[in-house]
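1. quick one, fold the following:
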Amino acid sequence: MYDETEKQEPQEVSEEYTYVYDEGAEKPKTKKWPIFLAAIIGLAVGCAATLGVGLVLVGSRLTFKDQSSEQVLENLQEGDSSGSKLSTIISYIENFYYKDVDADTLVKGVYKGIVESLDDPYSEYYTAEEYKDLMTTLTGNYAGIGALLQKNPQTGEVTITKVYANTPAEKSGLQNGDNIISADGFLATDEELDTFVQHIRGEEGTDVKLVISRDGKEQEVVCTRASISTPTVEYQMLDGNVGYIVVSQFTENTADDFKAAFQDLESQGMTSVVFDMRNNGGGLLDSVVEMLDYILPEGTVVYTMDKQGNREDFTSDDIHKKNIPMVVLVNENTASAAEIFTGAIRDFKYGTIIGTNTFGKGIVQSTIPLTDGSALKLTTQTYYTPSGECIHGTGIKPDIELEYEFQGGEDDAYSVDLDNQIQKALEVLRK
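-> As a prediction, the model looks like this:
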């Protein structure tokens, strides 16, 4: 999915998923979001090889200014790279590499390589095209197949966590839990989720060929791309006047949709509520804070700290607080902003957490737009629940631990009545 709790910073320097900064005009409002995705891209450069097994040496040993790493960085920041090791390597690539090298590709590789040297799966350089695609994702409108994806940062596997109704994904038979191996020949494990999703999206009416794995067996699925407007909030009234609100991710419109859903359920006589955060990989921090402000009493709902120890609190007030019993459903794919939501409900003692241990993403990324349309996403802060707990790497342990089990038969369609975790929530709320 996309995660990430992201933050927008002012752009002071001359995109599916993150934040923005622009210099020149008015500095935009900061946005934050958590999102979990991982990929390693390397730039490999070699000399010409013989038909046998050997290398052809080009000239004598390469010479360049003998500088410390600190001096190299200082000179690069000052715009002086003449005679440097970097300029020497680039010169030899341009002159001796066995193929012509596109200058844009080479430069983008340098930018991406710098960020990848951080060994942080959440920090990334976006080209202008990638950043534009990211911004499209945050609005929830795009041309694609209508499925929510999540990438495991350890294994690199990309899994479908939600298939939206009446979309190409549903019509082609894709299911929750399917692992996507490739899209049009591009391997999911080779790229960041943001980049990989671009191969799935495309011009409306065109096809994308997916290779998926289901129950250990690979199969090919062809989806015809369509214009997609994905809802991030779905809701219904369950028996006993229990409201049920599913939040799949946190985008720009999620908070407004969440409040509208809550108000509609209240008008129907809702007396308690279940918030389903299962398989929610995160999203915009501003969005989840606005939602928590709508239901919690006055107090800090989450706070962040940077490496200098600067603390920033995000708070709620008493204006809209709700006083009805609540349950939050979570699982191992509940991450980032969804964990912020869960942690605040828990620490305010406002509800019961049911399910399995959450993912454990407790860091914040800031996305800084650059003047040429590209952007830099950088991990800048650690976040803490209201009680001061950092859940990064550990996640949140539910009050009631319960593995998901579908209670129906093989031929039965999914129903809340056959979902053991939802039924447990109803049992808790009846007490």
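2. show me which positions of stretch 388-407 end up buried.
-> Of the residues in stretch 388-407, 391-392, 395-396, 398, 402 count as buried by neighbour count, 16 or more other C-beta atoms under 10 Å. To be clear about C-beta, it is placed using only N, CA and C from the backbone, and glycine gets the same treatment.
3. hmm, I typed the wrong one, I wanted stretch 418-431.
-> Quick answer for stretch 418-431 (16+ other C-beta under 10 Å): 419, 421-422, 424-426, 428-429.
4. neighbours around residue 260, how many?
-> 12 (other C-beta atoms under 10 Å).
5. pull the residues that contact the helix or strand hosting it.
-> Under the criterion of DSSP states H and E, residue 260 resides in helix 254-267. The contact list for helix 254-267 (C-beta atoms under 8 Å, 6 or more residues apart in numbering) reads 231-235, 237, 243, 245, 247, 273, 283-284, 286-288, 290-291, 294-295, 322.
6. ok, of the residues you listed, which come out buried?
-> Neighbour-count burial (16+ other C-beta under 10 Å) is assigned, among these, to 232-235, 243, 245, 247, 273, 283-284, 286-288, 290-291, 294-295.
7. of these, which belong to helices?
-> Among those, the members falling in helices (DSSP state H) are 286-288, 290-291, 294-295.
8. between the residues you listed, which is nearest residue 223?
-> Minimum distance to residue 223 across those is 28.2 Å, recorded for residue 287 (C-beta to C-beta).
9. name the nearest residue to that closest one, sequence neighbours excluded.
-> residue 250 (4.0 Å; C-beta to C-beta, 6 or more residues apart in numbering).
10. tell me who's in contact with that neighbour.
-> Here residue 250 is in contact with 33, 232, 280, 282-285, 287-288, 291, 337-338 (C-beta under 8 Å, 6+ apart).
11. how close does it get to residue 288?
-> When distance is defined by C-beta to C-beta, to the nearest Å, residue 250 is 5 Å away from residue 288.
12. redo the buried residues of stretch 418-431 as JSON lines? Include pLDDT.
-> Formatted as JSON lines, the buried residues of stretch 418-431 follow (pLDDT from 0 to 100):
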{"residue": "419", "pLDDT": "96"}
{"residue": "421", "pLDDT": "98"}
{"residue": "422", "pLDDT": "98"}
{"residue": "424", "pLDDT": "98"}
{"residue": "425", "pLDDT": "98"}
{"residue": "426", "pLDDT": "98"}
{"residue": "428", "pLDDT": "97"}
{"residue": "429", "pLDDT": "97"}
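13. closest one of those residues to residue 91?
-> For the buried residues of stretch 418-431, the nearest to residue 91 is residue 421 (60.4 Å; C-beta to C-beta).
14. pretty sure the closest one contacts residue 329?
-> Yes - using C-beta atoms under 8 Å, residue 421 makes contact with residue 329 at a distance of 5.4 Å.
15. so what's in contact with these two at the same time?
-> In contact with both residue 421 and residue 329: 278, 354-355, using C-beta under 8 Å, 6+ apart.
16. got CSV for those residues, with neighbour count and pLDDT too?
-> Below are these laid out as CSV (neighbours: other C-beta atoms under 10 Å; pLDDT from 0 to 100):
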residue, neighbour count, pLDDT
278, 25, 97
354, 23, 98
355, 27, 98
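17. out of the residues you listed, which are inside strands?
-> By the criterion of DSSP state E, membership of the shared contacts of residue 421 and residue 329 in strands covers 354-355.
18. got any residues that touch both of residue 250 and residue 288?
-> Jointly contacting residue 250 and residue 288 under the rule C-beta under 8 Å, 6+ apart are 337-338.
19. CA atoms of the helix or strand where residue 427 lies as PDB?
-> Secondary structure assignment for residue 427, by DSSP H and E: helix 420-430. Only the C-alpha atoms of helix 420-430 are listed here, as PDB (Å, rounded to 0.1, in the frame of the first residue of the first chain):
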ATOM      1  CA  ASN A 420     -14.700 -14.000  13.300                       C
ATOM      2  CA  GLN A 421     -12.900 -10.800  14.200                       C
ATOM      3  CA  ILE A 422     -16.000  -8.600  13.500                       C
ATOM      4  CA  GLN A 423     -18.100 -11.100  15.400                       C
ATOM      5  CA  LYS A 424     -15.700 -10.800  18.300                       C
ATOM      6  CA  ALA A 425     -16.000  -7.000  18.200                       C
ATOM      7  CA  LEU A 426     -19.800  -7.300  18.400                       C
ATOM      8  CA  GLU A 427     -19.500  -9.600  21.300                       C
ATOM      9  CA  VAL A 428     -17.300  -7.100  23.200                       C
ATOM     10  CA  LEU A 429     -19.600  -4.200  22.400                       C
ATOM     11  CA  ARG A 430     -22.700  -6.100  23.700                       C
END
